[in-house]
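Participant: structure of the sequence below:
(2 chains)
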Amino acid sequence: MKEKDAYIEYEPQQLIMYVEKEDGTFGPIQTGSFISKNYLDDFWEKMLKLRKSLLEQLKNNEITCVYFYKIIHDFNDVELARRAGIPIYKVKKHQKVKSFKNIKLLDLQKYAYAFDVPVSNLFQAVVVDDNENRAETELEKQPIIVKQIKTDNPNLVITKIEVNKK
Amino acid sequence: MIIESFNHKMAAHCESGTLTALIKHKGLEIKEPMIFGLGSGMYFGYLSRTPNLSFPMFILRTKPGKLRKKIAKRTDIKFITQKFKDQEKAEQELDRLIGEDIPVACQVDFYYMDYIPQWERVHANIHFITIIGKEGDEYIVSDSYYPKLARIHKDKLRKARFAGGYLAPKGFMYYIESVPESIDYKQLIPVAIKNTINNMIGVQPPFIGVRGIRTFAKKLQGWPKLTRDVDHLSHEVMKINVFLEDQGTGGGGFRFLYATFLRQASEILNNKELDEMSKKMMEIGDGWRNISYFAAKIGKNRDLESDRLQELGQLINERAEAEDKFYNELKTVVNNI
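Facilitator: The predicted model follows:
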């Protein structure tokens, strides 16, 4: 790859690319990500669509929160079982609406750990309409900031909603 | 505290970048392509039936950790490696080492590296970072994929070091005890190249090496049956671009990095034929880059009918042909060294 063809201006995601330099030598340059610069909007659009579709199914009680987060995190049953430390037969069971109602608190805590969310988020969706279409690069422009602060109680999280003063 | 003498630099790949930085810090001058080449990092594998994967994927480098093991075996660089069951002990040992001014490489789940943009972060237990200091509850991190030194909260790092799942890090960390004054490149380069040739065109299962590239081209045609909808298929096809360019390859699926290694090798061995091979590898990399552009374009346009996937498969098959020819030529060159 020629050096002149490798430069992409995209500050949020930098990477190292090895190229043939102007003087014929081979070496590294720091440049931006091609796919993020050109296609990030498409990525967010797909993710948002997926989230909305899954949330709709969750609202209609067609899927469980375990299935919801499993898809969001791109885990399969084996990987989720390993990460949560829950036997795979239980993981399969917990994705069925009928069986989910018998789930134990300890298993919920394990899922919450694997999904990196507070336990309470397995039962609620925090949605701020105006924030939804904003990529992380626009975080500072968001009018509302939602913060979730852990407590010593593993089952309690403080959800704080603040106006962005920036 | 922070190890001031550690020089943070971005690198093409996290494992070779981390190794290079630690070896340099210990006083041995070496470049990332040489580490990648000497460790025979180049590989190809199409994984369709791994139980932990929610979708087939292809890999472009050897198994995580193998690069370091090969370097340790082939040179006199002495690594100290540790794994832990107890998270507390893992943290204490890390603190002790950085307290003694020893930078430590840790294996982590990439998802928890919260200084990296959100869209980049996926669950992958194969990321390597170097911890070079601690201030309060935060560790100072040198990450090959981040332009400057970063900070990570100790709870996040703990979670990243002890994430479960496939290739779980189990607190794995390593540091360098000693490096030799010099490396016998003239002896090691042919050995390392022969190993790579074997990985790519030697007797391997059909999903590995050049045969693996062909398997990828063929199996790709079945992806629509494995996806939920066209958006999902688009996402998976566009990930081809991410795997080839963005996830720490140095571009063209490590081919540009390997071409640079061959160029360095040709200079060390004063071998013009190797230099020619380096140019050919650079061209092969350009072909892979075209594939990544093509995949991104058809994914974005949802232009994913079977004829378009066949076109993509054809481009991949062309790479297989080119690499088959390349490694056979390289075999002749290296056998004459």
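Participant: give me the buried positions along the longest strand seen in chain B.
Facilitator: If you go by DSSP state E, chain B has its longest strand at strand B:127-135. Using 16 or more other C-beta atoms under 10 Å in any protein chain shown as the test for burial, strand B:127-135 gives B:127-134. (C-beta placed from N, C-alpha, C; glycine too.)
Participant: try stretch A:97-111
Facilitator: Buried residues in stretch A:97-111 (16+ other C-beta under 10 Å): A:100, A:103, A:107-111.
Participant: hmm, back to that, just checking, what packs against the following helix or strand past the longest strand of chain B?
Facilitator: Per DSSP states H and E, the first helix or strand lying C-terminal to strand B:127-135 is strand B:138-142. Here strand B:138-142 touches strand B:127-135, strand B:150-153, helix B:154-161, going by 3 or more C-beta pairs under 8 Å, 6 or more residues apart in numbering or on different chains; DSSP states H and E.
Participant: and the helix or strand of chain A with the lowest mean pLDDT, which strands flank it?
Facilitator: Across the helices and strands of chain A, mean pLDDT, DSSP states H and E gives its lowest value to strand A:144-150, namely a mean of 86. Under the criterion DSSP bridges, strand A:144-150 sits next to strand A:157-163 (antiparallel) in its sheet.
Participant: average pLDDT across the strand it pairs with?
Facilitator: The average pLDDT within strand A:157-163 is 90.
Participant: give me the distance from that strand to the chain's centre.
Facilitator: Taking C-alpha atoms, centre = their mean, to the nearest Å, one finds the center of strand A:157-163 at 19 Å from the center of the full chain.
Participant: show me the contacts for B:His13.
Facilitator: Contacts for B:His13 (C-beta atoms under 8 Å, 6 or more residues apart in numbering or on different chains) come out as B:32, B:36, B:41, B:61, B:144, B:248-250, B:254, B:257.
Participant: mind doing that once more with 6 Å?
Facilitator: Neighbouring residues of B:His13 by C-beta atoms under 6 Å, 6 or more residues apart in numbering or on different chains: B:Gly248.
Participant: and the nearest residue to A:Phe123 once chain neighbours are set aside, how many neighbours?
Facilitator: On the basis of C-beta to C-beta, 6 or more residues apart in numbering or on different chains, the spatially nearest residue to A:Phe123 that is not a chain neighbour turns out to be A:Cys65, at 6.9 Å. A count of neighbours around A:Cys65, defined by other C-beta atoms under 10 Å in any protein chain shown, yields 23.
Participant: surely A:Cys65 is in contact with A:Leu122?
Facilitator: Yes. Between A:Cys65 and A:Leu122 there is a contact under C-beta atoms under 6 Å: 4.4 Å.
Participant: do you know the pLDDT at the residue nearest to A:Phe123?
Facilitator: At A:Cys65, the pLDDT value in this model is 97.
Participant: what's the neighbour count on the closest residue to B:Asp303 other than its chain neighbours?
Facilitator: Using C-beta to C-beta, 6+ apart and skipping the chain neighbours, the partner closest in space to B:Asp303 is B:Lys297 (7.7 Å). B:Lys297 is flanked by 16 other residues according to other C-beta under 10 Å.
Participant: restricting to C-alpha, output stretch B:98-114 in PDB.
Facilitator: C-alpha atoms of stretch B:98-114 as PDB (Å, rounded to 0.1, in the frame of the first residue of the first chain):
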ATOM      1  CA  ILE B  98       4.900  -1.800  38.900                       C
ATOM      2  CA  GLY B  99       6.100  -0.600  42.300                       C
ATOM      3  CA  GLU B 100       9.500  -2.000  41.300                       C
ATOM      4  CA  ASP B 101       9.400  -0.100  38.000                       C
ATOM      5  CA  ILE B 102       8.700  -3.200  36.000                       C
ATOM      6  CA  PRO B 103       6.100  -2.700  33.200                       C
ATOM      7  CA  VAL B 104       3.700  -5.700  33.000                       C
ATOM      8  CA  ALA B 105       1.700  -7.000  30.100                       C
ATOM      9  CA  CYS B 106      -1.800  -8.200  30.900                       C
ATOM     10  CA  GLN B 107      -4.200 -10.200  28.900                       C
ATOM     11  CA  VAL B 108      -7.700  -8.600  29.000                       C
ATOM     12  CA  ASP B 109     -11.200  -8.600  27.600                       C
ATOM     13  CA  PHE B 110     -11.000  -5.700  25.100                       C
ATOM     14  CA  TYR B 111     -14.600  -4.700  25.900                       C
ATOM     15  CA  TYR B 112     -13.700  -3.200  29.300                       C
ATOM     16  CA  MET B 113     -11.000  -0.900  27.900                       C
ATOM     17  CA  ASP B 114     -13.300   2.100  28.300                       C
END
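Participant: cool, thanks, talk later.
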